[in-house]
Structure formats: C-alpha cells, structure tokens
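Participant: let's see this in three dimensions:
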Amino acid sequence: MDKISVIVPIYNSEKYLRVCIESIINQTYTNFEVLLINDGSTDNSSNICKDFSNRYRNVKTFNLTHQGVANARNFGISKASGQYICFIDSDDMISPNFFNDLINMITIYNSDIAETGFRYMNEKHKEKKRKIEIYDSIKMAKRLYSKNGVRTAIITNKLFNIKLFKNIKFENRENEDEFIIHKLIFATNKPIVIDNQKLYIYRIHKSSRQTNFNAEKLRVLEVFEQREKYFSIDEELMIKNKIGKLDLILYLSYICNQNGRIKEQEELKKQFTNEYRNLNIKPDFRRRIKYKIFMKNPQLILNIIALRNRKKYE
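Facilitator: Take a look at the predicted model:
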C-alpha cells in the first residue's frame, strides 16, 4: 500500500480548519501522513494544528513565519515521506473516498498524475455515472482551457508522484497553481487519469484569495508567455493559449470591478483591445460577440460574469 503525503498550507483558517482536517483523517484509505504547514497564522490555527498532532501519529505540524502558500507547499514537499503527494487547502474538504479513488487510478493505469472532479460547497450535488478518461500531456494541457473561458488550474483535486517535484517548485506569487500545472503535466510521459466523480469540495467565501484583489493578481497573465515554450509543439494548444489570455483578462476585469479598482480595470481594457486587434486567429462566433461587446460596453460582460459566479459563493 503506497503512502500518500498530504500537504495543508494554513494561514488564519481557524473557522474552517477542523472540518478540513477531519475530512482528511476520516479517509477510507489509511496509509497517509498529514503535514500541517502553519504559515505564521495569528489566529487559533496553530492550536488547532497542535491538537490534531497530539491526537494522531500520522499528523505533523510545522510552524513557519508567514511567507505565502507557495513557500508552505514547497516546505511540505521537502518534509514528505510518501511516494505520492497531494495538496489540500485549509478551508476545503474532501470526500471519504478521495485518496482511495486517486491511488487506485494511479495503480491501475500506471500513472504519475490522477485527478477527481470537484464541486463548490453550496452546489446542488447529483451523483453522475462514473466516467474515467485517459489523457496524454498535450490533451491534458488543452483541458486548461474550456469552451466558456479559462478553466482554473486546480492543484488540490489531484494526486502526484512526488518525483515530479524533483526539479519543479511552486513560485512565490499569486495564482501559483497556474504557473506550475503545465510544468507538471509535461514532466510525465505516462497516462494522466481523470475521474468525473466530484470528491474534492471547494469553499469560496468572502476572505478567499480568489475573491480578493491585489496588484500581484494581474501578473497571472505572464503565465501565457511561459506556456508558449511548452505548447509550441501543438498548433491547437497555441491557439487555445492566445484565446485563454483574452478570456482571463475579462475575468480579471470582473475581479477589479468587484473590488472598485477602476484604474486597473481601465488598464486591462487597453490590454485586451491591443491583444484582440493583434490576434492572428479567428475566435469562435460566440467569443467574437462577447469580445466586441466588451470593447463597447465592458460593464455588460462583467455583469454576466458576476451572475455566473454568484452561485459559487458560500
């Protein structure tokens, strides 16, 4: 039975932390260690971590000065003793069969990366007929871009062979998942396995990083230049990357709008217009309409994005 190392970066998460850790402890798969990386919390998180470490032999707590989630994850990787590794955010939860499902797929398909579906905490959940899909690196990279826009790169609903992190580390920046996922995808030549069962439960709330604005958040657009180095082997990937950048500019404009960042919103509008006018490919009809409306009436598109996102929040 292969060992899984579970890394949980923690920063002022006392409201949700116990529920998160309990969902890990109560897994049907039993060969795992939990590494609680307390990233300089100033609330009661450290005491909650200490409590679990005292009660369970396979739970370890590490207290760091606050340096961000990327540093906490990299530190956790350095302390991991398992053959496989996963990352759980401290305000999220996992279903009881999360580890069992992932490790079974890894074993059966001789894979380095396995993924389950995820759902939002308040989402109405209906069980779907189980469907397992097998991807290579190029096909998996194409999944970073959806029909409706950029699909958020999520690290936490996956299990990785720890050897993939030998030469790959999280960057100490906002949206660190976006800057590492394509590297991990192209670091393996084995099948990547995906189960559609929604076993990771994702919580979005008012203090979530995804809903708050800071200037660093806009630097996520740099990832599209980084990805071109990996995607140049496939023309469709290059096209998806260009369209994905436009879609993300729209979403970042929505974040700025929600946080009253007018100056940044105007800069994004200029960047979008420049990118779109210099686009050497033709987007699909639906996108062309959306993009043209945005250039003439940005607020209308931002209102539509807001309506779509409203259902996600707790």
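
Participant: packing partners of the helix or strand containing residue 242?
Facilitator: Secondary structure from DSSP states H and E places residue 242 in helix 235-258. On a contact count with 3 or more C-beta pairs under 8 Å, 6 or more residues apart in numbering; DSSP states H and E, helix 235-258 meets helix 137-142, strand 145-146, strand 149-150, helix 223-231, helix 262-277, helix 285-296, helix 298-310. All C-beta spots, glycine's among them, are computed from the backbone N, C-alpha and C.

Participant: which of these sits closest to residue 157?
Facilitator: Comparison of the helices and strands packed on helix 235-258 against residue 157 by C-beta to C-beta identifies helix 137-142 as nearest, at 13.4 Å.

Participant: can I get that closest one in CSV, CA atoms only?
Facilitator: This file holds the C-alpha atoms of helix 137-142, laid out as CSV (Å, rounded to 0.1, in the frame of the first residue of the first chain):
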residue,chain,number,x,y,z
SER,A,137,0.2,15.6,-21.7
ILE,A,138,-1.0,17.5,-24.8
LYS,A,139,-4.6,16.6,-24.3
MET,A,140,-4.4,17.3,-20.6
ALA,A,141,-2.9,20.8,-21.3
LYS,A,142,-5.9,21.5,-23.6
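
Participant: any low-confidence regions in the stretch 51-200 of the chain?
Facilitator: By pLDDT under 70, the low-scoring segments of the stretch 51-200 of the chain are 125, 148-152.

Participant: can you list the residue ranges for helices in it?
Facilitator: All helices of the stretch 51-200 of the chain, identified by DSSP state H, counting those that start in this stretch, fall at 69-79, 98-108, 137-142, 176-185.

Participant: make TSV from those and add distance to residue 18 and mean neighbour count to it.
Facilitator: As requested, those are arranged in TSV below (distance: least, C-beta to C-beta, whole Å; neighbours: other C-beta atoms under 10 Å):
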stretch	distance to residue 18	mean neighbour count
helix 69-79	19	20
helix 98-108	18	20
helix 137-142	34	19
helix 176-185	25	21
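
Participant: before we move on, the earlier item: quick one, which of the helices and strands packed on helix 235-258 is packed in tightest?
Facilitator: strand 149-150 (a mean of 20; mean count of other C-beta atoms under 10 Å).

Participant: residue 219 reaches residue 174, doesn't it?
Facilitator: Yes. Residue 219 sits in contact with residue 174 when judged by C-beta atoms under 8 Å, with a separation of 6.6 Å.

Participant: these two: who's more crowded?
Facilitator: Remark: of residue 219 and residue 174, residue 174 carries more neighbours, 19 against 13, as counted by other C-beta atoms under 10 Å.

Participant: so how far is residue 266 from that one?
Facilitator: 20 Å (C-beta to C-beta, to the nearest Å).

Participant: just residue 123 next, same as before
Facilitator: Counting by C-beta to C-beta - residue 123 and residue 266 are separated by 34 Å.

Participant: ditto for residue 227
Facilitator: 26 Å.

Participant: with residue 159 instead?
Facilitator: The value you get for residue 159 to residue 266, if C-beta to C-beta is used, is 42 Å.

Participant: please apply the same query to residue 226.
Facilitator: Taking C-beta to C-beta as the measure, residue 226 and residue 266 are separated by 26 Å.

Participant: check residue 111 too.
Facilitator: 45 Å.

Participant: residue 179 too?
Facilitator: Distance, residue 179 to residue 266, using C-beta to C-beta: 26 Å.

Participant: report the contact partners of the residue lying closest to residue 153 once chain neighbours are set aside.
Facilitator: Closest residue in space to residue 153, ignoring its immediate chain neighbours: residue 181 at 4.1 Å, by C-beta to C-beta, 6 or more residues apart in numbering. Contacts for residue 181 (C-beta atoms under 8 Å, 6 or more residues apart in numbering) come out as 144, 153, 155.
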